[in-house]
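> I'd like to go over a predicted model; first the sequence, then the structure.
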Amino acid sequence: MARPLTVLVVDDSAVVRRMLADALGREPDIQVVGTASDPFAARELILKHRPDVMTLDVEMPRMDGISFLRRVMAFRPMPVVIVSSVTPQGSAASVEALRLGAIDVIPKPAGPGSVGAIAERIVRLLRELQTAPRVRLRRVPATPAAPLVASSAARRAHGLILIGASTGGTQAIESVLARLPADTPPVLIVQHMPPLFTRAFAARLDRIAPMRVVEASDGDALRAGTAYVAPGDRHLLVERRGGVLLTKLTDDPPIHYQRPAVDVLFHSAARLSGVRVVAALLTGMGRDGADGLVALRRAGAETLAEDEESCVVFGMPREAIARGGACRVATLSNMPATILDALDSQKRSCETPGNVL
């Protein structure tokens, strides 16, 4: 048998530490090597056990989780799962933690009744980490690595932009939106993230992006210069009513364990006719978005996948490429220009699939 995945649980609540440690410890392929109530105790356990993964609270005494995560990613990088309270402060801090390199954020258990579902999600994530070919533990710089795409390119472009992502996606989406001009066609975004955390994520994007960014509501009329982030625990679709493109939110069952799911958005856009659609599938574990990207390509959309070298986890894009769903494979730094170029009605890239840009 393969060596168990070793985990360190860090949380200032003794109850949460015990619940998470007990739930994870029951799994035969996971070993909890220690628990810590603050970053100072966690540091000693990291040096002693060198765990594979750490779960980390963001609101702790003596040193907050964000400051500790920044030090961990600088001196001893490892996959870190944020377990955070579902409050405005906790949600905003969790989004910052994802930007610093945490791989996922999970709401803190509200009590014994909720720990089972949360532990199940952590276990599923840890097992995906074990099977992922590579996890890049890096952060995207706060300032764009490349200049803003020319506004004239956006004015020439017409249509609809779709973006789907999971692990590492908050960094990647921030990098893309920060370089799209204010007059970009409407953008719909699905990032795997719990409720309330998506609101904080949209607020952060709105601060750094030239275009307006909001958490999507049901029935929003899509407007150029605005990006719409799917709210946590709601599927986001796009539909046409009376000639107007609108958002639609549903509580349908999760797809690939996810709600929102990228596939739901992509499949809804594939049913549109007469709309120029560009869809980009970015970094993430699993298969979500791959089937939808194939459906979009078959429907005549321009479909893009992030390349392996720039992905935090080359899971979702790899699956889409393997299924023939990507017209182009682009680096993250080239993605904004590639998106607007693909919207140009005079250009078609699907005739030469698999181009790396």
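Everything's here; your move. This structure is a prediction, so every number in the text was calculated from the model and none was measured.
> Tell me how many other residues surround the nearest residue to residue 169 once chain neighbours are set aside.
Distance criterion C-beta to C-beta, 6 or more residues apart in numbering; nearest residue to residue 169, sequence neighbours excluded, is residue 191 at 4.9 Å. For every residue, glycine as well, the C-beta is placed using N, CA and C. Neighbours of residue 191 under the rule other C-beta atoms under 10 Å: 25.
> I'd guessed residue 201 sits against residue 171; true?
No. Using C-beta atoms under 8 Å, residue 201 and residue 171 do not qualify as a contacting pair, with a distance of 11.2 Å.
> Comparing the two, which shows the higher neighbour count?
Summary of the neighbour comparison: residue 201 and residue 171, criterion other C-beta under 10 Å, with residue 201 having more neighbours (28 against 23).
> Leaving out sequence neighbours, find the closest residue to that one.
residue 95 (5.0 Å).
> What's the separation between residue 292 and residue 102?
Using C-beta to C-beta, to the nearest Å, one gets 26 Å for the distance from residue 292 to residue 102.
> before we move on, the earlier item: which secondary structure state does the residue nearest to residue 201 sit in?
Recorded secondary structure, residue 95: helix (DSSP: H, G, I helix; E, B strand; the rest coil).
> what about the closest residue to residue 301 other than its chain neighbours, neighbour count?
Nearest in space to residue 301, with sequence neighbours left out and distances taken as C-beta to C-beta, 6+ apart, is residue 277 at 4.0 Å. The number of residues packed near residue 277 is 23, by other C-beta under 10 Å.
> So what sits opposite residue 277 in the bridge?
Partner residues in beta bridges with residue 277: residue 160, with DSSP bridges as the criterion.
> Against which helices or strands is the helix ranked longest in the chain packed?
Of all the elements of type helix in the chain, the one with the most residues (DSSP state H) is helix 112-131. Helix 112-131 makes packing contacts with strand 5-10, helix 14-25, strand 53-56, strand 80-84, strand 104-107 when contacts are defined by 3 or more C-beta pairs under 8 Å, 6 or more residues apart in numbering; DSSP states H and E.
> ok, the first one: who's next to it in the sheet?
Strand 5-10 has the following strand partners under DSSP bridges: strand 30-36 (parallel), strand 53-56 (parallel).
> Which of these sits closest to residue 341?
With respect to residue 341, and counting by C-beta to C-beta, the nearest of these is strand 53-56 at 38.8 Å.
> Quick check: chain neighbours aside, which residue is closest to residue 229?
Nearest one to residue 229, counting by C-beta to C-beta, 6+ apart, is residue 202 at 4.2 Å.
> Show me what the helix or strand hosting residue 45 is packed up against.
Residue 45 is part of helix 39-49 when elements are defined by DSSP states H and E. Secondary structure elements in contact with helix 39-49, counted by 3+ C-beta pairs under 8 Å, 6+ apart, are strand 5-10, strand 30-36, strand 53-56, helix 65-75.
> Do a quick rundown of the helices in the stretch 251-357 of the chain.
Listed from the start of the chain, the stretch 251-357 of the chain has helices (DSSP state H, counting those that start in this stretch) covering 262-270, 290-298, 316-322, 335-343.
> what helix or strand does the residue nearest to residue 229 sit in?
When elements are assigned from DSSP H and E, residue 202 belongs to helix 197-208.
> State the mean pLDDT of that helix.
Taken as a whole, helix 197-208 has a mean pLDDT of 94.
> Okay, buried residues for it please.
Judged by neighbour count using 16 or more other C-beta atoms under 10 Å, the buried positions of helix 197-208 are 197-206.
> can you list these in JSON lines and add distance to residue 233?
Converted to JSON lines, these look like this (distance: C-beta to C-beta, whole Å):
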{"residue": "197", "distance to residue 233": "10"}
{"residue": "198", "distance to residue 233": "9"}
{"residue": "199", "distance to residue 233": "12"}
{"residue": "200", "distance to residue 233": "15"}
{"residue": "201", "distance to residue 233": "14"}
{"residue": "202", "distance to residue 233": "15"}
{"residue": "203", "distance to residue 233": "18"}
{"residue": "204", "distance to residue 233": "19"}
{"residue": "205", "distance to residue 233": "19"}
{"residue": "206", "distance to residue 233": "21"}
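> picking that back up, surely the residue nearest to residue 201 and residue 197 touch.
Yes. At 6.6 Å, residue 95 and residue 197 qualify as touching, with contact defined as C-beta under 8 Å.
> overlap in contacts of those two?
residue 105 (C-beta atoms under 8 Å, 6 or more residues apart in numbering).
> Look at stretch 297-314 and report the distance between its end residues.
Taking C-alpha to C-alpha, to the nearest Å, the first and last residues of stretch 297-314 lie 20 Å apart.
> What residues sit buried inside it?
297, 299, 301-308, 310-314.
> did I read that right, residue 90 in a helix?
Yes. Counting by three-state DSSP, residue 90 is found in a helix.
> Just to check, it is in contact with residue 65?
No. Between residue 90 and residue 65 there is no contact, the gap being 9.8 Å when judged by C-beta under 8 Å.
> for residue 52, what are its contacts?
In this structure, residue 52 makes contact with 5-7, 78-79, 129, judged by C-beta under 8 Å, 6+ apart.
> Kindly report the same for residue 174.
For residue 174, the set of contacting residues under the criterion of C-beta under 8 Å, 6+ apart consists of 99, 140, 204-205, 208-209.
> Out of the residues you listed, flag the one nearest to residue 324.
Ranked by distance to residue 324 (C-beta to C-beta), the contacts of residue 174 are led by residue 140 at 28.7 Å.
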